[in-house]
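Asks: Have a look; sequence and predicted model below, questions after that.
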Amino acid sequence: MSFQSSSVAAGWCLSLLAGLLCSSPLGAACTEESIVGTAEQTLWRHLTGCSEQEREARAVTAEELLTALKSGKGVDLAGVVVSGDLRLDELTAMPVDVIPGLSSDERSAVSRLNVREIRLVSGPLSIRDSVVKGTISTGIKEGYVLMRGPVILTGTVFEHLLDLSRCVFLGPVDLSKAVILREGFFVHSRFTGQARFTRTSFGVHSRFFRSVFAEPVTYVQAEFNGLAEFLEVTFQKEVDFSQATFKMGTGFSGSEFLKRADFSEAVFEREAFFLFSVFEEEASFRQATFRSVADFSDSQFKGSEDFTNTRFDTQPQFTRAKLVGGRSTPFQTRGSIFQLALTAVLLLFAAALVVYLIRAR
């Protein structure tokens, strides 16, 4: 082999090795993407190809977030670590009638809240595919936090409390594929746009007490690993809990479903309560599984109800429930069929025992 041929072969090998390194995790470089012209309007940081240690070294602090929100900036983070506790009650409270930049529809929505003060988040809030090390909380008992722009938290892991209670979301909300390891609270919140919780993993306690969803909301394939509270929630449009999993106690008591409610193929591992719930239109529990108590007492099914192939491991309760056509129960459950079969077997066994005792005399 000539010297020139050897040089070409060596160069080809080095090029191949460099390509392999660049395409592998070992060769990946931690980079911060840049975008021109948004520094003044948005707190913007996108990291790619970074290790956990590198992301922590470039962490965004809660103080930076709060400063940006106070100044009216939007937030656009991706692939980052957020450190520290973000308390939205530290935003400046202002009278409702002096909130700047609201459209007539937005101002009308705010006026219906019947509150004196509002804390304002003017721009979009987007924290995607990131890790939030501290808590995010509103921490208020009166008034609301007004989120004017979209709230996008997809794919983000929240290691501690996520409390967006008493928030009014004027734009869409998306927590798809987010992981909430601890509490996830949305108490007295108002969702005026569409909300997505597709494949969201909820932690030890989830609360949507007295929240209102004005547009469609989806919880498809969501996992509720702890107590799930949807007490006195109003779903004004369609709600989809299909294939969702509820691993602990679940409560929908006192909730109103004004449009179609889909619980098809949902799994309730523990107690599920739908006491005093109202289903104005179709309610589908097709192929759902209830492994413990299922209590629909005093509920109202004003539209069609679908319990086709629903599995109940214990006898469900429909005491004083109002069903379409005045029926006392909308179906014959697997649990009841099993109980009837067991009763029949026991009766046959008892009869056979009586016959045996008579003949033994």
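Replies: Everything's here; your move.
Asks: Spell out for me which residue occupies the centre of this structure.
Replies: Centroid-nearest residue in the chain, with C-alpha atoms, centre = their mean: F197, separated by 3.7 Å.
Asks: OK, contacts around that one?
Replies: With contacts defined as C-beta atoms under 8 Å, 6 or more residues apart in numbering, F197 is in contact with L175, S176, V217, T218, Y219, A222. (Each C-beta comes from the backbone N, C-alpha and C, glycine too.)
Asks: what's the answer for L77, then?
Replies: Contacts of L77 (C-beta under 8 Å, 6+ apart): L43, W44, R45, H46, V60, S126, I127, R128, S130.
Asks: That one: which element?
Replies: If you go by DSSP states H and E, L77 is part of strand 74-78.
Asks: Adjacent strands (with direction) for that strand?
Replies: Using DSSP bridges, strand 74-78 pairs in its sheet with strand 42-48 (parallel), strand 125-128 (parallel).
Asks: Please write out the alpha-carbon positions of the shortest one in PDB.
Replies: Included here for strand 125-128 are C-alpha records, laid out as PDB according to Å, rounded to 0.1, in the frame of the first residue of the first chain:
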ATOM      1  CA  LEU A 125     -45.400  30.500  30.700                       C
ATOM      2  CA  SER A 126     -43.600  27.600  29.100                       C
ATOM      3  CA  ILE A 127     -41.400  25.200  31.000                       C
ATOM      4  CA  ARG A 128     -40.900  22.100  28.800                       C
END
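Asks: next one: the helix or strand following that strand to chain centre, how far?
Replies: Using DSSP H and E, the helix or strand that directly follows strand 125-128 along the chain is strand 131-132. The chain centre lies 17 Å from the centre of strand 131-132; the measure is C-alpha atoms, centre = their mean, to the nearest Å.
Asks: can you list contacts of strand 131-132?
Replies: Identification of contacts with strand 131-132 by C-beta under 8 Å, 6+ apart yields R55, V80, V81, V82, T156, V157, F158, E159, H160, L162.
Asks: any idea which of these is closest to V115?
Replies: L162 (22.8 Å; C-beta to C-beta).
Asks: and the closest one, what are its bridge partners?
Replies: Residues in beta-bridge contact with L162 (DSSP bridges): I136, G184.
Asks: same deal with V173?
Replies: Bridge pairing for V173 - DSSP bridges - gives V151, A195.
Asks: quick one: contacts for it?
Replies: P150, V151, F191, G193, Q194, A195, R196.
Asks: ok, now how distant is it from R182?
Replies: Distance of V173 to R182, given as C-beta to C-beta, to the nearest Å: 19 Å.
Asks: repeat for S122
Replies: 28 Å.
Asks: Now P316: closest residue in space, sequence neighbours ignored.
Replies: Spatially, and ignoring its direct neighbours in sequence, P316 is nearest to A294 (4.1 Å; C-beta to C-beta, 6 or more residues apart in numbering).
Asks: where are the low-confidence patches of the stretch 251-361 of the chain?
Replies: Applying pLDDT under 70 to the stretch 251-361 of the chain flags the ranges 325-361.
Asks: which residues of it fall in strands?
Replies: Along the stretch 251-361 of the chain, counting by DSSP state E, counting those that start in this stretch, strands occupy 256-257, 261-262, 267-268, 272-273, 278-279, 283-284, 289-290, 294-295, 300-301, 305-306, 311-312.
Asks: which other helices and strands contact the third one?
Replies: Strand 267-268 makes packing contacts with strand 245-246, strand 289-290 when contacts are defined by 3 or more C-beta pairs under 8 Å, 6 or more residues apart in numbering; DSSP states H and E.
Asks: Pipe those into TSV and attach mean neighbour count and distance to S103 per row.
Replies: Putting these into TSV (neighbours: other C-beta atoms under 10 Å; distance: least, C-beta to C-beta, whole Å) gives the following:
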stretch	mean neighbour count	distance to S103
strand 245-246	22	38
strand 289-290	22	45
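Asks: show me where the stretch 1-150 of the chain has strands.
Replies: 31-33, 42-48, 60-61, 74-78, 81-83, 86-87, 93-95, 117-121, 125-128, 131-132, 136-137, 144-147.
Asks: Would you mark the buried spots in the first one?
Replies: Using 16 or more other C-beta atoms under 10 Å as the test for burial, strand 31-33 gives no buried residues.
Asks: Pull up the pairing partners for it, direction included.
Replies: Sheet pairing here is set by DSSP bridges, and for strand 31-33 it gives strand 42-48 (antiparallel).
Asks: For the partner strand, what is the distance to the chain centroid?
Replies: For strand 42-48, the distance to the chain centre is 24 Å (C-alpha atoms, centre = their mean).
Asks: Quick one: the contacts of L77 as CSV, columns for pLDDT too.
Replies: Below are these laid out as CSV (pLDDT from 0 to 100):
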residue, pLDDT
L43, 95
W44, 94
R45, 94
H46, 96
V60, 97
S126, 98
I127, 98
R128, 98
S130, 98
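Asks: Contacts only, for the nearest residue to I152 once chain neighbours are set aside.
Replies: Distances taken as C-beta to C-beta, 6+ apart put S126 closest to I152, at 4.2 Å, once the chain neighbours are dropped. S126 sits next to G74, V75, D76, L77, A78, P150, V151, I152, L153 when contact means C-beta under 8 Å, 6+ apart.
Asks: Kindly state the beta-bridge partners for the fourth one.
Replies: Note on L77: beta-bridge partners R45, I127, judged by DSSP bridges.
Asks: Can you tell me which of the contacts of F197 has the most neighbours?
Replies: Using other C-beta atoms under 10 Å as the neighbour test, the contacts of F197 are led by L175, with 28 neighbours.
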